[in-house]
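S.K.: sequence-free structure coming up:
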């Protein structure tokens, strides 16, 4: 009910596959998550532990609107190639962040400390029956079930 109210939407659904709705992300020194859009409509993240250096969440909320079938490839390319600056967030432990990963190009920069970046991600969809591809599940979780 809380999410329905703040997002002004009627229905929210977890992923159809059981592996993808809740993720525990652990990034050690030099690890990162490259630029991407999410398969899920939106995500809630909870930072458990921030690294001492690096591991910055960067995003832009321009360039794509999945629901309106809009994509500005030039804008996205400029972000990826460093010609435009994304918004950067140094997320502190205990921070709860809600964002539209399907529409926000985002990444996590390389962790540059021995202290890892630990984050929990809860993924939700506006449509029923959405699931990650078998290949994505194998890549992310090492299994498909």
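M.R.: Alright, I've got the coordinates. These numbers were taken from a predicted model, which means no experiment stands behind them. Numbers count the residues shown, from 1 in each chain.

S.K.: which residues touch the residue of the chain most remote from its centre?
M.R.: What lies farthest from the middle of the chain is residue 114; by C-alpha atoms, centre = their mean that is 22.9 Å. Going by C-beta atoms under 8 Å, 6 or more residues apart in numbering, residue 114 touches 29, 52. Heads up, the C-betas are built off the backbone N, CA and C, glycines and all.

S.K.: now do residue 36
M.R.: Residue 36 touches 105, 106, 107, counting by C-beta under 8 Å, 6+ apart.

S.K.: of these, which is the most crowded?
M.R.: Tallying neighbours with other C-beta atoms under 10 Å puts residue 106 at the head of the contacts of residue 36, with 24 neighbours.

S.K.: just the contacts of residue 36 now: which is nearest residue 98?
M.R.: Nearest to residue 98 among the contacts of residue 36 is residue 106, at 12.9 Å by C-beta to C-beta.

S.K.: excluding chain neighbours, what is closest to that closest one?
M.R.: residue 59 (3.8 Å; C-beta to C-beta, 6 or more residues apart in numbering).

S.K.: what's the answer for residue 108, then?
M.R.: Leaving aside its sequence neighbours, residue 108 sits nearest to residue 33 (C-beta to C-beta, 6+ apart; 4.2 Å).

S.K.: how many neighbours does that neighbour have?
M.R.: If we define neighbours as other C-beta under 10 Å, then residue 33 has 16 of them.

S.K.: which SS class is the most centrally placed residue in the chain?
M.R.: In the chain, the C-alpha nearest the mean C-alpha coordinate belongs to residue 101, at 5.1 Å (C-alpha atoms, centre = their mean). The three-state label given to residue 101 by DSSP: H, G, I helix; E, B strand; the rest coil is coil.
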